[in-house]
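J.: return atomic coordinates for the entry below.
(2 chains)
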Protein chains: 2
Amino acid sequence: MKRSFIREILENINPNTISFAGGLPSANLFPLTQLEESSRKVLNDSSSLQYGTSSGYEKLKEKIAQLYTDDGFTTKPSNILITSGSQQALDIISRYYSNSSITIEKPSYLGAMNIFRLNNLDMQSISLNSSFYDKETFDNSIMDTKLAYLIPDFQNPTGFTYNSKQRKEISNTIKKNNAILIEDAPYSKLYFENEFESISKFLPNNSYHLGSFSKILSPGLRIGWIRASEDLLEPLIAYKEAMDLHTSTLGQHILNDYLENNENFNMHKEKIRRVYKKKLQIFTAYLNEILPEFIYEKPKGGMFIYGRLNHVNTSALVQKCLNKGVVFVPGNEFYDNNNNQSEIRFNFTHSTSSQIYNGLKLIKEIIKEGELCKAS
Amino acid sequence: MKRSFIREILENINPNTISFAGGLPSANLFPLTQLEESSRKVLNDSSSLQYGTSSGYEKLKEKIAQLYTDDGFTTKPSNILITSGSQQALDIISRYYSNSSITIEKPSYLGAMNIFRLNNLDMQSISLNSSFYDKETFDNSIMDTKLAYLIPDFQNPTGFTYNSKQRKEISNTIKKNNAILIEDAPYSKLYFENEFESISKFLPNNSYHLGSFSKILSPGLRIGWIRASEDLLEPLIAYKEAMDLHTSTLGQHILNDYLENNENFNMHKEKIRRVYKKKLQIFTAYLNEILPEFIYEKPKGGMFIYGRLNHVNTSALVQKCLNKGVVFVPGNEFYDNNNNQSEIRFNFTHSTSSQIYNGLKLIKEIIKEGELCKAS
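T.: The predicted structure is shown next:
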């Protein structure tokens, strides 16, 4: 099995390298003090260190269910399965559907493609561009696969967001075919303009909605979840149990205590949106100034700017960049068949303003050198 | 897929039920104050909440490697892969060997059998009794499977411990066949008399040694590990990454800080051994007094007493016991083919002295009632 470019790179770069690679949240925004208070409280009680139930800590499931209900998507704790990050949620679900086929976006999240491959799911891809998905291919594919994996909000890697009309279309297609949607929504609360309704809301019995605290609170907690009907969720609990018994009790208890103060969490999410929106503005301003040849559409949320550098092999470029202390992910990594040449995904949430400036300057220089070499 | 009897029961019993079922550590022994101090310290640093490396937190890997080296089994951090409990370690390894065959003990840990089944490993069982394993069958089986899964210390469920001669025999057989040993060792530090050398120590390049903090510190942290040669470990990292990216950063940082004080940890392990040894004495004294018909061998460590009640169907018995407020695991659950009638596994570490007394009294009454019914 192949490792992810991003994770292998991240683990081996020198700490001074400017990284536009991973989907890393800005560490400055972690609510350290509040989580420390919560950990102090829950570590008064030995149940925080004991074995827990496979589907997750009941009180935390209640709070997650309430977040959906508050959004107008009626949800009970029995609709929630807590997972060790939403990466594990993808593994659990695709293990359950192993040896079948699945409709995915092209390009898509490479961690999902990896786990689909491991579980022997045959992937059928539908193209995305900055304003539409290929509806005809999607409709045809879903008739065959009966299972789709989509990232409708600020998609990874493209930043593409399905509009209301497209969400309705997709839910209708899923319903008509009695198919199942896996809706991966780690970025859904990172909107800079307006929030969209989840597609799963229109498909309460035909969907797995995947959520995570990684992008809105802390990835180090490794806590995500699956929201599904009890019928869909029930068989997954046996898989979760076989895979790691249950998610960290301590992590769940700390998180549950933190979420007791709903206002804190809401303020935190607003702050993240404000800061990330600002970072996006800075990144795009520098992009336009330093790399005007980079063709992209400004995303409306999330963590990524996606685009292309015509006539540049970005997989070759990133190797040179690595030597000079800057890194991004070449588009190739997000294609099942690795046939993309010139696309790039930039993460805009992790780096500081001066890192963004210096990193883009470095990339520009390396591109220029490449051209000089070609010309000579 | 079937859920584990133990976990399904544990999740549904009323809180007043006396449980001799799960392998639960005594919650009174968790070092709450010290872990709280550690969590306070690490939550001063945002890296405790950020993404981490797939193979685990480097400093924690160093400390785990040192524990082996201190035991005379030279180990480097690059020989360690941190997992979300040793349950996940079993999943990672058996996923890597999926669709092959494996030699296991009969009876064996049901969580292992479950994950072997999920990964389509054909299980060949070798019988255990209280003082020997079936060497001839083992030797023949390993020639065929080239892969063995053993729990050599205070085995789950039987409490059986391989003696030094048997350990040498097994390592020789593994070597001779160029086979691989998966040595599951969650109870190895829970010895009440003397400690044995791990079999893996004689097979540094042909073994996965699985460790866990669940039984010696806290199961709620969900932190275990695999110790193996770099060659064996390297391909597993890609699986770990695909499965949940990495184990909780916060949990790993807290644990790492706790382990900085080696003396604390050693004292803690000594305390656990002392308390559990005492609990074993209490449990066996009550067993001999209340249920003298229960035939068992006193274990020399671990968490379980295993034995049989001749002419009693213990799977039927446990259902009646559940209604009366006491629970254990019937032996049947630990056999791949579910053909065992009269065996029982009692956990002796979790209950208080009066719970042990009352629980055994209840079981005795229920057995008596059963006999009266049969006679009438």
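
J.: which stretches in the stretch 101-250 of chain A count as helices?
T.: A:110-118, A:135-145, A:164-176, A:230-244, A:249-260 (DSSP state H, counting those that start in this stretch).

J.: the ones you listed: which one's closest to chain B?
T.: Relative to chain B, the nearest member of these by CB to the nearest CB is helix A:249-260, separated by 3.2 Å. In short, each C-beta sits where N, CA and C put it, glycine included.

J.: about what we covered before: let's have the helices of the stretch 101-250 of chain A in CSV, adding mean pLDDT and mean neighbour count.
T.: Formatted as CSV, those follow (pLDDT from 0 to 100; neighbours: other CB atoms under 10 Å in any protein chain shown):
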stretch, mean pLDDT, mean neighbour count
helix A:110-118, 95, 22
helix A:135-145, 95, 17
helix A:164-176, 97, 16
helix A:230-244, 97, 20
helix A:249-260, 98, 24
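
J.: would you reformat those as JSON lines and include distance to B:Gln88?
T.: Shown next, in JSON lines, are the helices of the stretch 101-250 of chain A (distance: least, CB to CB, whole Å):
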{"stretch": "helix A:110-118", "distance to B:Gln88": "14"}
{"stretch": "helix A:135-145", "distance to B:Gln88": "29"}
{"stretch": "helix A:164-176", "distance to B:Gln88": "32"}
{"stretch": "helix A:230-244", "distance to B:Gln88": "4"}
{"stretch": "helix A:249-260", "distance to B:Gln88": "15"}
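
J.: closest to A:Asp45 out of those helices?
T.: Counting by CB to CB, A:Asp45 lies closest to helix A:249-260 out of the helices of the stretch 101-250 of chain A; the figure is 7.8 Å.

J.: after that closest one comes which helix or strand?
T.: helix A:262-290 (DSSP states H and E).

J.: that following helix: how far from the chain's middle?
T.: 17 Å (CA atoms, centre = their mean, to the nearest Å).

J.: give me the buried positions along the helix or strand that that helix is followed by.
T.: Moving toward the C-terminus from helix A:262-290, the next helix or strand (DSSP H and E) is strand A:294-296. Across strand A:294-296, burial judged by 16 or more other CB atoms under 10 Å in any protein chain shown covers A:294, A:296.

J.: residues contacting strand A:294-296, please?
T.: A:287, A:305-310, A:344 (CB atoms under 8 Å, 6 or more residues apart in numbering or on different chains).

J.: the same query, at a cut-off of 7 Å, please.
T.: For strand A:294-296, contacts defined as CB atoms under 7 Å, 6 or more residues apart in numbering or on different chains pick out A:287, A:305-309.

J.: average pLDDT for that strand, rounded please.
T.: Over the span of strand A:294-296, the pLDDT mean works out to 97.

J.: neighbouring strands - and their directions - for that strand?
T.: strand A:304-309 (antiparallel) (DSSP bridges).

J.: could you check the angle helix A:262-290 makes with the partner strand?
T.: Put simply, strand A:304-309 runs at 20 degrees to helix A:262-290, going by axes from the mean of the first three to the mean of the last three CA atoms, to 10 degrees.

J.: need the next SSE after strand A:304-309, C-terminal direction.
T.: Next element after strand A:304-309 (DSSP H and E): helix A:314-324.

J.: and for the residue lying closest to A:Ser218 once chain neighbours are set aside, the neighbour number?
T.: In this structure, A:Ser218 finds its nearest non-sequential neighbour in B:Leu49, 3.8 Å apart by CB to CB, 6 or more residues apart in numbering or on different chains. Neighbourhood size, B:Leu49 [other CB atoms under 10 Å in any protein chain shown]: 24.

J.: ok, B:Leu49 touching A:Arg222?
T.: No - checked against CB atoms under 7 Å, the pair B:Leu49 and A:Arg222 is beyond contact range at 10.5 Å.

J.: residues near A:Ser48, how many?
T.: By other CB under 10 Å, neighbour count at A:Ser48 equals 29.

J.: can you check the pLDDT for A:Asn358?
T.: 97.

J.: tell me where the model's unsure across the stretch 51-200 of chain A.
T.: A:130 (pLDDT under 70).

J.: what does the stretch 101-250 of chain A put close to chain B?
T.: When proximity is defined by CB under 7 Å from any CB of the partner chain, the stretch 101-250 of chain A lies next to chain B at A:114-115, A:118, A:218-222, A:237-239, A:241-245, A:247-250.

J.: report the separation between the nearest residue to A:Ala21 once chain neighbours are set aside and chain B.
T.: Among residues not flanking A:Ala21 along the chain, A:Val327 sits closest, at 4.8 Å (CB to CB, 6+ apart). Distance of A:Val327 to chain B, computed by CB to the nearest CB, to the nearest Å: 15 Å.

J.: surely A:Val327 meets A:Ile13?
T.: Yes - here A:Val327 reaches A:Ile13: they are 6.2 Å apart, a contact under CB under 7 Å.

J.: looking at these two, which is more packed in?
T.: Ranked by neighbour count (other CB under 10 Å), A:Val327 and A:Ile13 place A:Val327 first, with 22 against 16.

J.: residues contacting that one?
T.: Counting by CB under 7 Å, 6+ apart, the residues that A:Val327 touches are A:9, A:13, A:17, A:19-21, A:318, A:321.

J.: equivalent analysis for A:Arg222, please.
T.: A:84-85, A:251, B:244, B:247-248.

J.: let me have those residues in TSV, extended by distance to B:Lys168.
T.: Converted to TSV, the contacts of A:Arg222 look like this (distance: CB to CB, whole Å):
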residue	distance to B:Lys168
A:Ser84	39
A:Gly85	42
A:Gly251	42
B:Asp244	37
B:Thr247	34
B:Ser248	38
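
J.: tell me which of the residues you listed is nearest to A:Phe154?
T.: A:Gly85 (18.3 Å).

J.: thought that closest one was touching A:Trp225?
T.: No - judged on CB under 7 Å, A:Gly85 makes no contact with A:Trp225 at a distance of 9.7 Å.

J.: looking only at neighbour counts, state which of the two leads.
T.: A:Gly85 (29 against 26).

J.: now that one: how far from chain B?
T.: Look at A:Gly85 and chain B: by CB to the nearest CB, they are 5 Å apart.

J.: quick one: residues contacting that residue.
T.: A:212, A:214, A:222-224, B:244-245.

J.: picking up where we left off before, what is in contact with A:Val327 and A:Ile13 at once?
T.: A:Ser19.

J.: how far away from the center of its chain is stretch A:68-88?
T.: With CA atoms, centre = their mean, you get 16 Å for stretch A:68-88.

J.: my bad, stretch A:138-157
T.: For stretch A:138-157, the distance to the chain centre is 15 Å (CA atoms, centre = their mean).

J.: ok, now stretch A:124-133?
T.: 17 Å.

J.: can you check stretch A:340-355 too?
T.: Distance of stretch A:340-355 from the chain centroid (CA atoms, centre = their mean) equals 15 Å.

J.: can you give me the end-to-end span of it?
T.: Start and end residues of stretch A:340-355 are separated by 27 Å (CA to CA, to the nearest Å).

J.: kindly report the same for stretch A:300-308.
T.: Using CA to CA, first and last residues of stretch A:300-308 are 18 Å apart.

J.: tell me what the helix or strand where A:Gln34 lies is packed against?
T.: Assigned by DSSP H and E, A:Gln34 belongs to helix A:32-42. Counting contacts by 3 or more CB pairs under 7 Å, 6 or more residues apart in numbering or on different chains; DSSP states H and E, helix A:32-42 is packed against helix A:249-260, helix B:32-42.

J.: among those, which comes closest to A:Pro107?
T.: A:Pro107 lies closest, by CB to CB, to one member of the helices and strands packed on helix A:32-42: helix A:249-260, at 31.3 Å.

J.: report all helices and strands that that closest one contacts.
T.: So helix A:249-260, by 3+ CB pairs under 7 Å, 6+ apart, packs with helix A:32-42, helix A:58-70, helix B:249-260.
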